[in-house]
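Q: sharing a model that was predicted from the sequence below.
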Amino acid sequence: MRGAHITGWGSALPDKIVTNDDLALAMDTSDAWIRDRTGIQERRVGGTTAGLATEAAREALERAGCAPESIDLLILATTTPDQHVPATSAVVQHKLGLRCGAFDLNAACSGFAYALVTAHALIQGGGLDRILVIGCDTLSRITDWTDRGTAILFADGGGAVVLEATEHDAILGWDLGADGAAAKILECDIGGYLTMDGKEVFRRAVRAVVSSAENAMKVAGVTASDIDWFIPHQANIRIMHSAADKVGIPHDRVVNVLSYTGNNSAGTIPLGLATAANDGRIKPGDLLLLSGFGAGMTWASVVLRWQP
Ligand code: UT7
């Protein structure tokens, strides 16, 4: 049966580092509080969504050994497009020299997992051979840098993968969900700043990740003890560990880049994936569980075999 697997990966972070101490100069907070309550030590800020997405994608294309003209489709998961019009994916498509279709997908912090599932379906049933999937956000542009309830969390960055057709499908199970009744707990009006009911997002995030991860594992026919690496959306280490505990995955199997990246929304999962693949943690044959949650609320999980 025709399926898909990841053949290339890349990531991009802005150069500028903002430490917790830097934030404490601008608002009533402290390094100790932020580390203790979120697990974040510093974050990266700057650049544009198109710029960071292009950088991550170039690395992914190079690793996959793919010429730009061999890509059949570009999906950019982002909740912070650079402009209302055109879609940022069109700008990235041009920067990379692609000759294929391109669209933005907005499922907030679940966006990369949504995009991966969409790309898989288009390869499996749509006849496409090679899809570039990017998750990238520049949340700093919609963050109120005087609001300690949000500014301590949000940041910029992204990652990308090349998904290619194969006879041995690596995407073993997935789950997508949304509950628009909770739209108000994390939102940003056009031209405005992100507002968040942190406690409510926290509570729902753990529940959503756990049930979504369990649904995807059930479809894949695997259990938590089969998972080699859990790569959750990086929003708060307490959410990541609490979800891991409930799913039954030890903390040393949870990929954490949050401590130095902050939360860059659709960028966090592909960034975690690329980082752990590059540093040798993820090995061929490993079983990965990706789980995102975010504004909407949305959630999405994918179980995949690492067979680059
Ligand atoms: O991509 C999805 C995005 N969002 C999330 O995943 C966010 C999920 N929520 C969270 O991560 C957490 O709720 C926060 C990190 C935002 C807040 O942590 P918390 O443990 O829920 O803190 P809290 O709001 O219950 O506040 C505890 C105390 C309060 O003081 P009192 O009432 O106990 O005196 C707050 O006023 O900490 C105070 N506080 C702070 N103190 C220093 C709240 N924010 C800060 C701060 N620095 N930044």
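A: Looks like it came in fine.
Q: the ligand contacts on this structure?
A: Contacts of the chain with the ligand, taken as CB under 6 Å from any ligand atom, map to 29, 33, 37-38, 109, 148-149, 152-153, 196, 198-199, 201-202, 205, 235-236, 239, 263, 294. (Glycine included, C-beta is placed from N, CA and C.)
Q: of those, which belong to helices?
A: Secondary structure from DSSP state H places 33, 37-38, 198-199, 201-202, 205, 239 of the residues of the chain next to the ligand in helices.
Q: can you select the buried ones from those residues in ChimeraX?
A: ChimeraX command restricting those to the buried ones, with burial defined by 16 or more other CB atoms under 10 Å:
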select :38,198,201,202,205,239
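Q: between all of the ones in helices among the residues of the chain next to the ligand, which two are separated the most?
A: The span of those, defined through CB to CB, is set by Trp33 and Ala205 at 19.8 Å.
Q: who does Asp175 form a beta bridge with?
A: Beta bridges link Asp175 to Ser301, judged by DSSP bridges.
Q: now for it: which residues touch it?
A: 212-213, 215-216, 219, 299-301 (CB atoms under 8 Å, 6 or more residues apart in numbering).
Q: how about the helices of this structure, start to end?
A: 20-26, 31-38, 49-64, 88-96, 111-124, 198-220, 237-247, 258-261, 268-278.
Q: could the ones you listed go into JSON lines alongside mean pLDDT and distance to Asp228?
A: Putting those into JSON lines (pLDDT from 0 to 100; distance: least, CB to CB, whole Å) gives the following:
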{"stretch": "helix 20-26", "mean pLDDT": "96", "distance to Asp228": "32"}
{"stretch": "helix 31-38", "mean pLDDT": "98", "distance to Asp228": "26"}
{"stretch": "helix 49-64", "mean pLDDT": "98", "distance to Asp228": "20"}
{"stretch": "helix 88-96", "mean pLDDT": "98", "distance to Asp228": "31"}
{"stretch": "helix 111-124", "mean pLDDT": "98", "distance to Asp228": "18"}
{"stretch": "helix 198-220", "mean pLDDT": "98", "distance to Asp228": "13"}
{"stretch": "helix 237-247", "mean pLDDT": "98", "distance to Asp228": "13"}
{"stretch": "helix 258-261", "mean pLDDT": "98", "distance to Asp228": "20"}
{"stretch": "helix 268-278", "mean pLDDT": "98", "distance to Asp228": "10"}
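Q: give me the neighbour count for Ser259.
A: When neighbours are counted by other CB atoms under 10 Å, Ser259 registers 15.
Q: what's the answer for Asp226, then?
A: 12.
Q: quick check: chain neighbours aside, which residue is closest to the residue of the stretch 51-200 of the chain found nearest the ligand?
A: Closest residue of the stretch 51-200 of the chain to the ligand, CB to the nearest ligand atom: Gly198 (3.0 Å). Of all residues not flanking Gly198 in the chain, Gly149 sits nearest, at 5.9 Å (CB to CB, 6 or more residues apart in numbering).
Q: who touches Val117 in this structure?
A: Listed by CB under 8 Å, 6+ apart, the contact partners of Val117 are 171, 174, 176, 300, 302.
Q: rerun that using 7 Å as the cut-off
A: Listed by CB atoms under 7 Å, 6 or more residues apart in numbering, the contact partners of Val117 are 174, 176, 300, 302.
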